[in-house]
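Undergrad: With the input below, show me the fold.
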Amino acid sequence: MLIIKSIAFLLIVNSFYLPQNALSFPETAQLSTTGSDISSTPIEFNKKVFSWTDRVYIKIVAPDFNSDPNVVDVIGLTSDDKVTVSTTGHSIPYKLAETGVNTGIFTGYVTLTGDPAQKGSVGVDGEGTNPSGVESSCNPICGPTDGFLPSTGNDGITVSFEYSRDRTLTGSAFIRWSQGDIKWLQSNYPTNGNGIVQISDQDMNLNPKAIDKFETNVWSDSDSGGIKLTMTETGESSGVFQGTVYFATNFQSSGNRLHVSNDDTVRAEYIDRTLPYPHSPSDQLRILTTTTAGSSLPPLEKAPASNLRILDSNGNVLDKVLVNQQVQLASDIANKQNIDQSFAYLVQIQDNNGITLSLSWITGTLSANQNLSLSESWMPKTSGAYTAQIFVWQSIVNPGALSPPLVLQIPVT
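TA: Numbers count the residues shown, from 1 in each chain. Here you go, the predicted model:
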């Protein structure tokens, strides 16, 4: 007479291996059963979706297979407790070890190893780098931590537990490529400081037991050729990569040093060659991110003008002007930066029809944090209503505004 063992079956990640929040993903599992009905809990994985080179931890709660309360038991060794782990086209018999004497909890993990044929000679980085794609040769059974299975970027993983000759529980989860991301950790860096580029892409975590690396391109307005920056994984299996760029105004680019000038836009790119379905394995996506080197101020706050006023020959402020009276149109500008700033200060006078009657300018350089009062003279020939406008630009030939324009209505009698 065949005796069916009643078990509580649960495939999850052991808290010994993973942080607490990795255990709660009930919606992830897909459960199928064969044989007569039994009371069981769903099979779960520690992630909803795995990358093609992830490590998958397994936990089975099966107290009836705690055969000897004085030793650490193992399941997966016989036809009555067979465990199999599979991806598409690949399968290995597996064993799981009890977490301690008399616990009835069996754990282990398998490592996914990708498929080098998916990217071929191009590789995941454009330089021929690929995952190993190795598969364990089990003689006769692998486990609990030495199993390796190939997988593609659009695959699935299945764990089955055959706890008697005709009863099996299986759980499955997705294996998918994901789209990566690139960013600078700050929107602005000093011209002779350093900046950090960060790329997040689990698909580039090719070896979960090692710190992975690859290169990406970084360039500036002053050096369009740029540099190859080494991106280093922040930790084993993190899938987050960082590289430090050293900005230099007085040296040419070399290694991880990039030549920049003040106010340069600095760009970094990531070419993602492992894109999720419906992309094909041959597709790739170029992703750009930018930062600036130099002043962190918005352009219109670098040298703002203020306090536009009309002065007579003695420096007194006027609220109206007489015909043929010589006056000064004065305002104050302030360099809000810690660097020198060249400027062009323009004064435009228009009549009430919007016709420009006068346009004059002053050019110069403001020292770091310098405040300066500037004025241009003007003499009205006829009475009427006039408008004075003040502009502060980087230069006459480069009308990049350093300040919002100032406007003043001038009555002339």
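Undergrad: Where does pLDDT dip in the stretch 151-300 of the chain?
TA: Along the stretch 151-300 of the chain, segments meeting pLDDT under 70 span 296.
Undergrad: ok, which stretches of it are strands?
TA: 154-164, 167-176, 181-184, 188-189, 194-200, 213-220, 227-233, 240-248, 257-259, 264-272, 285-293 (DSSP state E, counting those that start in this stretch).
Undergrad: Would you reformat those strands as TSV and include mean neighbour count?
TA: To be clear about C-beta, it is placed using only N, CA and C from the backbone, and glycine gets the same treatment. Listed next are those as TSV, based on neighbours: other C-beta atoms under 10 Å:
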stretch	mean neighbour count
strand 154-164	21
strand 167-176	20
strand 181-184	18
strand 188-189	18
strand 194-200	19
strand 213-220	20
strand 227-233	18
strand 240-248	20
strand 257-259	21
strand 264-272	20
strand 285-293	17
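Undergrad: In TSV: the ones you listed, plus distance to N353.
TA: What follows is those, written out as TSV (distance: least, C-beta to C-beta, whole Å):
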stretch	distance to N353
strand 154-164	68
strand 167-176	66
strand 181-184	49
strand 188-189	44
strand 194-200	51
strand 213-220	46
strand 227-233	56
strand 240-248	50
strand 257-259	50
strand 264-272	41
strand 285-293	41
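Undergrad: got a list of what the closest residue to R267 other than its chain neighbours touches?
TA: Once flanking residues are discounted, R267 sits nearest to T290: 5.2 Å by C-beta to C-beta, 6 or more residues apart in numbering. Listed by C-beta atoms under 8 Å, 6 or more residues apart in numbering, the contact partners of T290 are 184, 265-268.
Undergrad: Out of those, flag the one nearest to E162.
TA: A268 (50.8 Å; C-beta to C-beta).
Undergrad: just the contacts of T290 now: which is nearest S306?
TA: T265 (28.5 Å).
Undergrad: Identify the bridge partners of that closest one.
TA: T292 (DSSP bridges).
Undergrad: That one and D340: what is the separation?
TA: 20 Å (C-beta to C-beta, to the nearest Å).
Undergrad: hang on, isn't L297 packed against N335?
TA: No. Shown here, L297 and N335 do not form a contact pair, counting by C-beta atoms under 8 Å, at 10.2 Å.
Undergrad: where does E301 fall, phi/psi-wise?
TA: phi -110, psi 10 (degrees, to the nearest 10).
Undergrad: Looking at it now. What's its pLDDT?
TA: Looking at E301, its pLDDT stands at 89.
Undergrad: Find the nearest non-adjacent residue to it, please.
TA: Per C-beta to C-beta, 6+ apart, closest to E301 is K336, 6.0 Å.
Undergrad: Let me see the mean pLDDT of the strand or helix carrying K59.
TA: Per DSSP states H and E: K59 is located in strand 55-61. The average pLDDT for strand 55-61 rounds to 89.
Undergrad: May I have it as PDB, with CA atoms only?
TA: Extracted in PDB, the C-alpha atoms of strand 55-61 (Å, rounded to 0.1, in the frame of the first residue of the first chain):
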ATOM      1  CA  ARG A  55      21.000  33.700  -8.500                       C
ATOM      2  CA  VAL A  56      17.800  32.000  -7.500                       C
ATOM      3  CA  TYR A  57      17.400  30.900  -3.800                       C
ATOM      4  CA  ILE A  58      15.100  28.000  -3.000                       C
ATOM      5  CA  LYS A  59      13.400  27.100   0.200                       C
ATOM      6  CA  ILE A  60      11.000  24.100   0.700                       C
ATOM      7  CA  VAL A  61       9.200  23.700   4.000                       C
END
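Undergrad: which residues are contacting the helix or strand just after that strand?
TA: Sequence order places strand 74-75 as the next helix or strand after strand 55-61, per DSSP H and E. With contact meaning C-beta under 8 Å, 6+ apart, strand 74-75 is reached by 60, 62, 65, 81, 83, 95-98, 106, 144, 161.
Undergrad: nearest to K209, of these?
TA: Using C-beta to C-beta, these come closest to K209 at P144, 15.9 Å.
Undergrad: So that closest one, which state does it fall into?
TA: coil (DSSP: H, G, I helix; E, B strand; the rest coil).
Undergrad: Does it touch T99 like I think?
TA: No. Assessed by C-beta under 8 Å, P144 is found out of contact with T99, at 10.3 Å.
Undergrad: what is in contact with those two at once?
TA: In contact with both P144 and T99: 106-107, using C-beta under 8 Å, 6+ apart.
Undergrad: Pick out whichever of the two has more residues nearby.
TA: Legend: neighbour count by other C-beta atoms under 10 Å for P144 and T99, higher for P144 (20 against 15).
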